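>>> Generate a structure from the sequence data that follows.
(2 chains, ligands or ions: 2)
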Amino acid sequence: MHLKNKFDVGKFTILAEMQPPKGVNVSTMVNSAVRVKNMVDAFLVPEMGNAVMRMSSLGGAMILQSHGMETIMQVNCRDRNRIALQADLLAAYGCGILNIMGVSGEDPGLGDHHQTKAVNDIDLMTLFKAVSALQTGKDLAGNELSGSPSFLVGANVNARATGDALEKELSRMAEKTEAGVDFFIAPPVFDIGAIAPFLEKVDLKKTRIIPTVMLLKSVGMARYLDRHLNVTISQDLIKRLMRAPDKAVESLSIATKIISAVKEAGFSGVMISAMGWEDKLQKLLDMV
Amino acid sequence: MIIADRKSLEEIQDMIKEYKKILLVGCKGCVTVCNVGGAKEVGVLAATLKIARKKDGNPIEIDEKTLERQCDPEYVEQIRDIFDQYDAVVSMACGVGPQFLSEAYPSQKFFPAVNTKFFGGAVQHGIWEERCAGCGTCVIHYYDGLCPIARCSKSLQHGPCGGSAGGKCEIAKDVECIWDTIVKKKMEQGRLEDLRTLRAPKDWQTARDGGPRKSIREELVQ
Ligand code: SF4
Ligand code: SF4
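Ligands and ions are numbered 1, 2, ... in the order given. Below you'll find the predicted structure:
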């Protein structure tokens, strides 16, 4: 059963982020994924997050697919123009990639190749338009295709927004849905209460929202996320992590609890971001 | 200087179709020199618009004013006493002008009457060509004073590409391949080996690619 069918029948889906390597050594990525292959519904393969150059999402996703795993290929507007974006989408579908996620892509200034030009030929909404066009058998220039793809399309949603920002986010979400987006990935949550205003406005039965659950690798990381990245992490949780004799075990137990809470709240699934602890995914999923 | 082209009469008419009284503001800077937005062009556009609207049975009142420069807050002040007497203001300066005006008079609506195109100069009467793309790190000394960043279609630092033929660029038969010119010049001067130096990948951070730019001259800041 593909991800789309699982969504359709209302299964709580488990997605896991799988970073392609910075280099050509794919064994860590493949081994980590293969170990949890039967427990994960699809692997989300980021496209050079934070503008750090590494193996492309298309490459990483194809490698995972060749090992029998379903993937979500990320596509960004930063690194490719409309010709390359459409070409890669066709290539992806031709290689069996059925799910994609469109993102704008962070500015190169944040990454490891500061001097480069960002492409940004088309913006994210136009990218979704291009996907729709390809699905109806035409490219963005209106030329006929020989065979058209059919993707399940994802996008980000900032479920942490409140007040005016939330209004804007909801309108943006509606715009994305109209543009053909089928599911939304929300940023890391550590406490469902932190996204209560969002939940009040969204019908989880109608909109597929998948919150991210991030593994807290250290107390320092938890504090950083809380202070600088606007990810609410309670003092209790930080204390719990501080007191734990084995931080890794504690972190997995925290993540397990959040995953259960996400499931209970009625979300369509969860996206696990292991942050380099991909080797601990199996243990986590055993616990879930 | 900055080179611009006038927008089509139809586009300008469409922008101001709902207004009865507008101010048309020219600029004595670059757009006067490239004959697109100085006092003379302001006069011509105002007359043309008035005739067109009269013909449509929907006359428009247009006042004319040409500022020293629209990219200088001091001169932008020159319409302080009159800006609110109009339904809208149409600027014939480069894209900087209507923005400085919008910032100075937030309650008024401003429209651009020209399309701002490039930094260049007149190569003959009535013909202007691009020479600089404002990349923020000038390197033309490597290329004998010819800029491949602005003038090569691919901004190649090591050219020419395979599309160069008979001194023309692959994009169109009437576009000079600047790399052909650079190579010829180096050959004539017996310095072709200069071009064998491999340049570092260009740092685009100083160009528009690095985001909106600012220039701060500490000694002048008060
Ligand atoms: S190198 Fe850059 S600054 Fe110099 S002329 Fe070319 S575009 Fe302009
Ligand atoms: S033909 Fe010449 S000007 Fe045109 S892209 Fe190639 S090198 Fe540049």
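>>> Report how many residues lie close to A:Asn99.
Each residue near A:Asn99 was counted by other C-beta atoms under 10 Å in any protein chain shown, and the total is 26. The C-beta positions use only the backbone N, C-alpha and C, and glycine is treated the same way.
>>> Near chain A, which residues of chain B are found?
Contacts of chain B with chain A, taken as C-beta under 8 Å from any C-beta of the partner chain, map to B:Pro201, B:Lys202, B:Asp203, B:Trp204, B:Gln205, B:Ala207, B:Asp209, B:Gly210, B:Gly211.
>>> Could you report the neighbour count for the closest residue to the third one other than its chain neighbours?
Just to be clear, that refers to B:Asp203. With sequence-adjacent residues excluded and distances taken as C-beta to C-beta, 6 or more residues apart in numbering or on different chains, B:Asp203 is closest to A:Gln115, at 4.0 Å. Residues near A:Gln115, counting by other C-beta under 10 Å, number 16.
>>> neighbours around the residue in chain A positioned nearest to ligand 1, how many?
As assessed by C-beta to the nearest ligand atom, ligand 1 sits closest to A:Lys117 within chain A, at 13.3 Å. By other C-beta under 10 Å, 16 other residues sit near A:Lys117.
>>> And the strands in chain B?
Remark: strands assigned in chain B by DSSP state E are B:2-6, B:21-27, B:61-67, B:88-91, B:110-112, B:114-124, B:127-132.
>>> now these as JSON lines including distance to A:Ala51?
Formatted as JSON lines, these follow (distance: least, C-beta to C-beta, whole Å):
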{"stretch": "strand B:2-6", "distance to A:Ala51": "32"}
{"stretch": "strand B:21-27", "distance to A:Ala51": "39"}
{"stretch": "strand B:61-67", "distance to A:Ala51": "42"}
{"stretch": "strand B:88-91", "distance to A:Ala51": "37"}
{"stretch": "strand B:110-112", "distance to A:Ala51": "33"}
{"stretch": "strand B:114-124", "distance to A:Ala51": "29"}
{"stretch": "strand B:127-132", "distance to A:Ala51": "28"}
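>>> With ligand 2 as the reference, name the closest of the ones you listed.
strand B:127-132 (12.0 Å).
>>> Can you show me the helices along chain B?
Taking DSSP state H to define them, one finds helices in chain B at B:9-15, B:30-33, B:39-55, B:73-76, B:96-104, B:148-151, B:178-188.
>>> how much space between B:Arg196 and B:Val183?
Going from B:Arg196 to B:Val183 by C-beta to C-beta, to the nearest Å gives 12 Å.
>>> Run a quick neighbour tally on A:Glu100.
Let me fix one detail, which is that residue A:100 is Ile and not Glu. By the criterion of other C-beta under 10 Å, A:Ile100 has 27 neighbours.
>>> what's the offset of the helix or strand harbouring it from the middle of its chain?
Element membership for A:Ile100 (DSSP states H and E) is strand A:99-103. Its chain's average C-alpha position is 8 Å from that of strand A:99-103, according to C-alpha atoms, centre = their mean, to the nearest Å.
>>> which residues touch the most far-flung residue of chain B relative to its centre?
Residue farthest from the centre of chain B, counting by C-alpha atoms, centre = their mean, is B:Gly190 at 36.6 Å. Listed by C-beta atoms under 8 Å, 6 or more residues apart in numbering or on different chains, the contact set of B:Gly190 is empty.
>>> for B:Arg6, same thing?
Residues in contact with B:Arg6 (C-beta under 8 Å, 6+ apart) are B:Val36, B:Gly37, B:Glu41, B:Leu45, B:Met92, B:Ala113, B:Val114, B:Asn115.
>>> Double-check the fourth one against B:Val31; I have them as touching.
No: judged on C-beta atoms under 8 Å, B:Leu45 makes no contact with B:Val31 at a distance of 11.9 Å.
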